[in-house]
Every structure is written in structure tokens, then in C-alpha cells.
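A.B. asks: Provided below for reference: sequence and predicted model.
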Amino acid sequence: MQPLSLTARRAWGAMALGVYIGIIVLANWLITRFGAVDVGFGLMAPAAVYAAGAAFTARDVLQDLLGKWWVCGAILVGAALSAAYASSVRIAVGSGVAFLVSEFLDFAVYTPLRDQNWPIAVLASNAVGLVCDSILFLWIAFGNFDFLPGQVVGKTWITLAFLPLLVLWRNQWRALVAAPA
């Protein structure tokens with residue numbers, strides 16, 4: 001498999017950018033529309049938990065295709081779009097701040113590990129990001145940590161759901177972005 005041409009990389013990057021922004025907006029819409037959901041083990045979390053969990057993997061794909069700063073810009077756009085309809089500005093602000101801070105942690109975890117083992121890099125950065133994101137979001141949006149265990153469990157479910165796909169896609173991804181995986 002040949003690495004992506006610059007044109008193809010930009011096209012895939014534009015699609016990944018749209019998906020990532022869409023996930024952020026979806027997460028904020030879900031929480032304002034549905035409130036809390038059951039994530040198992042008798043735990044509850046804001047309905048955004050599953051979309052937010054998917055965002056962590058999507059952000060790593062976007063970073064590989066377009067770069068770190070595109071991810072930061074996408075977070076700001078997603079938060080701004082969310083603020084336009086959110087029932088609470090605190091939810092939109094909490095989402096944006098939490099995604100941005102966890103993104104900077106992702107730079108410290110995912111970026112150096114991706115050259116050694118891409119699936120492990122995604123899992124490790126998701127683990128760090130989901131805890132940080134949950135703590136910041138809950139504090140800013142709700143002023144408490146009542147949903148923290150549910151947030152961590154729900155986002156972990158999504159990370160684990162992506163694991164088989166990451167393992168299967170590992171070699172194709174390396175070839176597409178011309179990087180070790």
C-alpha cells in the first residue's frame with residue numbers, strides 16, 4: 001500500500017476534521033437532549049460519554065493526517081458550535097476546556113508513543129485523556145464529580161470497542177500516513 005499523496009491526505013484530513021468537530025457537537029447535543037445515561041455497573045454518566053470517548057480516537061487520526069494544531073482548532077470550532085444551541089453555556093465551555101487540556105496531554109502521550117506502537121499509543125492517550133477530560137468537564141459543567149466513575153467506565157467501553165479495529169488497521173494506517181505503527 002502506497003502512502004497517501006498530499007492531495008489524498010488533505011482530503012482524508014478534511015473528512016477527519018469534519019467527523020471530529022461533529023463528534024464534539026454531537027456530544028454536547030446528547031447531554032443537553034438526554035441528560036444522564038446508564039453505563040453499566042449501576043453507574044450513570046452524562047449522555048455525551050460515548051461520543052466523547054469516540055472523540056479521543058478520532059483526534060489521534062486527525063492529528064496524524066493534519067497535525068496537532070488542526071485538532072486544537074477543531075475543538076474551538078466544536079465548542080463554539082455547541083454553545084450556539086446548548087442549554088447551558090457551562091456545558092459548552094466545560095467541553096471545550098476539557099477537550100483542549102486533554103489534547104495537550106495527548107501531545108505528551110500519543111505523539112511520542114505512536115512511532116513505537118500505534119494501537120498502544122491510542123490506548124494510552126485515551127486512558128490519560130478520558131480521566132482528565134472527565135474531571136475537568138464535570139467540574140466546569142456541573143460543579144461536582146458525581147458522574148466521574150460513570151464517565152470513566154463509559155469512555156473506557158468506547159476505547160475498548162475501538163481496540164480490535166486499531167489492531168486490524170495498524171499496518172494499513174502505517175502505510176497510509178507513512179509512519180511507524
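C.D. replies: Happy to help now that I have it. Numbering: from 1, shown residues only.
A.B. asks: From Gly42, how far out is Gly78?
C.D. replies: 31 Å (CB to CB, to the nearest Å). Where you see a C-beta, it was placed from the backbone N, CA and C, and this is true even at glycine.
A.B. asks: and if you look at Phe107?
C.D. replies: 35 Å.
A.B. asks: neighbour count winner among these two?
C.D. replies: The neighbour comparison of Phe107 against Gly42 (other CB atoms under 10 Å) goes to Phe107, with 14 against 8.
A.B. asks: Excluding chain neighbours, give the residue nearest to that one in space.
C.D. replies: Take Phe107 and drop its neighbours on the chain: the residue closest to it by CB to CB, 6 or more residues apart in numbering is Lys68, 6.0 Å away.
A.B. asks: Could you do Ile158 as well?
C.D. replies: Gly53 (3.0 Å).
A.B. asks: For that neighbour, list the residues it contacts.
C.D. replies: Gly53 sits next to Asn126, Leu130, Gly154, Lys155, Thr156, Trp157, Ile158, Thr159 when contact means CB atoms under 8 Å, 6 or more residues apart in numbering.
A.B. asks: Let's see that with 10 Å instead.
C.D. replies: Residues in contact with Gly53 (CB atoms under 10 Å, 6 or more residues apart in numbering) are 23, 27, 45, 126, 129-130, 133-134, 151-152, 154-162.
A.B. asks: Next: Ala98.
C.D. replies: Contacts for Ala98 (CB under 10 Å, 6+ apart) come out as 52, 75, 79, 129, 132-141.
A.B. asks: Is it within a helix or a strand, and which one?
C.D. replies: Assigned by DSSP states H and E, Ala98 falls within helix 89-113.
A.B. asks: Could you list the low-pLDDT ranges of this protein?
C.D. replies: Applying pLDDT under 70 to the chain picks out residues 1, 85-87, 170-171, 173-181.
A.B. asks: Check which helices and strands the helix or strand harbouring Ile21 sits against.
C.D. replies: Assigned by DSSP H and E, Ile21 falls within helix 6-34. Applying 3 or more CB pairs under 10 Å, 6 or more residues apart in numbering; DSSP states H and E, one finds that helix 6-34 contacts strand 43-46, helix 49-66, helix 68-83, helix 89-113, helix 118-142, helix 148-177.
A.B. asks: change it to 7 Å
C.D. replies: On a contact count with 3 or more CB pairs under 7 Å, 6 or more residues apart in numbering; DSSP states H and E, helix 6-34 meets helix 49-66, helix 68-83, helix 89-113.
A.B. asks: what about Val25, how many residues close to it?
C.D. replies: Val25, neighbours per other CB under 10 Å, totals 22.
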